[in-house]
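> turn this into a structure:
(chains A and B)
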Amino acid sequence: MELGLAHYLTLAAILFCTGILGLIISRNIVKILISIEILLNAVNINFAAFANFADLDEAKGQIFAIFIMAIAAAEIALGLAILIACYRNRHSVDIEDYTSLKG
Amino acid sequence: MEVLQLLFFGMFALVIVVSALGAVFCKNIVHSIVSLVITFLSISGIFVLLNADFLAISQIIIYAVGITILLVFSIMFTTTKDDNNLWIAFKPRTLLAFVVAGSLFILLMFNITDKFTDFNKNPKLFITKAPKESTVKTLKEQGTTPIIGKQLLTTYVLPFEVLSILLLGVVIGAAVIAKKEEIPPC
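The predicted structure follows:
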C-alpha cells in the first residue's frame, strides 16, 4: 500500500466534516470559532497535498495555504473582538441568546 | 521508507481525527482548546510529510501559538462557570447537522476514491506529475522556503501587499470594536 493523494484528501474530508458538524451543533460561540479554524485547516491540508503531488516545482498550493493562514488569523481576531463587544451587551456566550434579528 | 511514511501518516491522522472530534465534543471549553492545539501540531506533522516545511513551521507559529492565545484570552474575558453546561444544542438542527456532515463526507469519498473503487492508486480525476530534478535538488538542500519566497515577491506580490493592508485593517478594527464604549454626552 502506497501513500497517495487519496489518503490526504480523505483525512481532509474527515476534518472538514467534523468542522461542519461542530459549526452547526455547538452552543458556545467560542466553540463555533474553533470549528471554523478546523475547517480552514482541512482546506490547508488539501492545498498542501495538491501542491506536493501535482505542482511541486512552483508550490502554488503552499502559497495559497500561507494566504489562508493569514486570513484565518485576521478572522479569529475580528471574531473574538465581535464576541467581546457582544458579551458586553448580553452577558452570555450562548448562541441561543442572540435572537434579536428574529423579530 | 514508504512503510515509515505510511506509519507516520497513520499516527498523525489518528491523532488529528480523535483530537478534532474532542475539540468539537468536549464539554469544557478549555479542554476543547487543548484538544485543538494537539490537532494543529499534528497537522504540522502532516505538512512535513507533504514536503512543506515552511508551511509546517508557520502552522506551529500562527495556529498552535497565536490563535490559541487569542482563544484562551477571549475565554478568560467571557466564559463563566455556568457556561460549562453549554454543550451541544438539542434541537432539530443537531440532527440536520449529522445528516449534512455525513452526506457531505460520503459525497467527497465518492469523488476521491473514484466511485468507491480505486483507493490505493491516485484517482484518475486528478492529474499528478513528478517534479523536475532541479526542484528535488533544491528541496533536499534548502527546503521549500526559496521557492515560496521567490513566488511571493514576483508572481504573487499584489495579493501579498493586499494581505498586509488587510492585516492593518484588522488590527485597527479589532481594537475599535473591542474597545469599551463611552456614552456620548447628549
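> remind me what the one helix or strand A:Arg88 maps to packs against, helices and strands.
Taking DSSP states H and E as the criterion, A:Arg88 maps to helix A:60-90. The contact analysis (3 or more CB pairs under 8 Å, 6 or more residues apart in numbering or on different chains; DSSP states H and E) places helix A:60-90 against helix A:29-54, helix B:53-58, helix B:68-78, helix B:145-153, helix B:157-178. Where C-beta positions appear, they are placed from N, C-alpha and C, glycine not excepted.
> nearest to A:Ala12, of those?
Smallest distance to A:Ala12 across the helices and strands packed on helix A:60-90 (CB to CB): 4.3 Å, for helix A:29-54.
> what about the chain, any weak spots by pLDDT?
Unless you meant another one, I'm taking chain A. Counting by pLDDT under 70, chain A shows low-confidence ranges at A:1, A:103.
> that was the other one, I meant chain B.
Within chain B, the stretches falling below the threshold (pLDDT under 70) are B:1, B:81-85, B:116-128, B:183-186.
> returning to that earlier point: most packed of the helices and strands packed on helix A:60-90?
helix A:29-54 (a mean of 23; mean count of other CB atoms under 10 Å in any protein chain shown).
> so that one versus helix B:145-153, what angle?
What separates the directions of helix A:29-54 and helix B:145-153 is an angle of 110 degrees, with axes from the mean of the first three to the mean of the last three CA atoms, to 10 degrees.
> can you name every helix or strand that helix A:29-54 contacts?
Helix A:29-54 makes packing contacts with helix A:5-25, helix A:60-90, helix B:2-25, helix B:29-49, helix B:68-78 when contacts are defined by 3+ CB pairs under 8 Å, 6+ apart.
> any idea how far A:Ala72 is from A:Ala65?
When CB to CB, to the nearest Å is applied, the distance between A:Ala65 and A:Ala72 equals 10 Å.
> same check, this time on B:Val99
27 Å.
> next up, the contacts around residue 31.
You didn't pick a chain, so chain A it is. Shown in contact with A:Lys31 (CB atoms under 8 Å, 6 or more residues apart in numbering or on different chains): A:Gly22, B:Val24, B:Ile29, B:Ser32.
> switch to chain B, please.
Under the criterion of CB under 8 Å, 6+ apart, the contact partners of B:His31 comprise B:Gly22.
> try B:Trp87
Residues A:Arg27, B:Lys27 are the ones in contact with B:Trp87 under the rule CB under 8 Å, 6+ apart.
> pretty sure A:Glu58 belongs to a helix, no?
No - checked against DSSP: H, G, I helix; E, B strand; the rest coil, A:Glu58 lies outside a helix; its state is coil.
> can you list the domains in chain B?
B:1-85, B:88-128, B:132-180 (automatic domain parsing).
> would you reformat those domains as JSON lines and include distance to A:His7?
Compiled in JSON lines, the domains of chain B are given as follows (distance: least, CB to CB, whole Å):
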{"stretch": "domain B:1-85", "distance to A:His7": "6"}
{"stretch": "domain B:88-128", "distance to A:His7": "8"}
{"stretch": "domain B:132-180", "distance to A:His7": "21"}
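> which of these is buried the deepest?
Mean neighbour count, computed with mean count of other CB under 10 Å, is highest for domain B:1-85 among those, reaching a mean of 18.
> any idea how far that one is from the chain center?
When C-alpha coordinates are averaged (CA atoms, centre = their mean, to the nearest Å), domain B:1-85 and its chain have centres 8 Å apart.
> of the helices and strands packed on helix A:60-90, which is nearest A:Leu11?
Distances from A:Leu11 to each of the helices and strands packed on helix A:60-90 were compared by CB to CB, and the smallest falls on helix A:29-54, at 6.4 Å.
> and the closest residue to A:Glu75 other than its chain neighbours, how far is that from B:Ser35?
Spatially, and ignoring its direct neighbours in sequence, A:Glu75 is nearest to A:Ile36 (7.1 Å; CB to CB, 6 or more residues apart in numbering or on different chains). Distance of A:Ile36 to B:Ser35, given as CB to CB: 16 Å.
> swap in B:Tyr63?
Taken as CB to CB, the span from B:Tyr63 to B:Ser35 is 13 Å.
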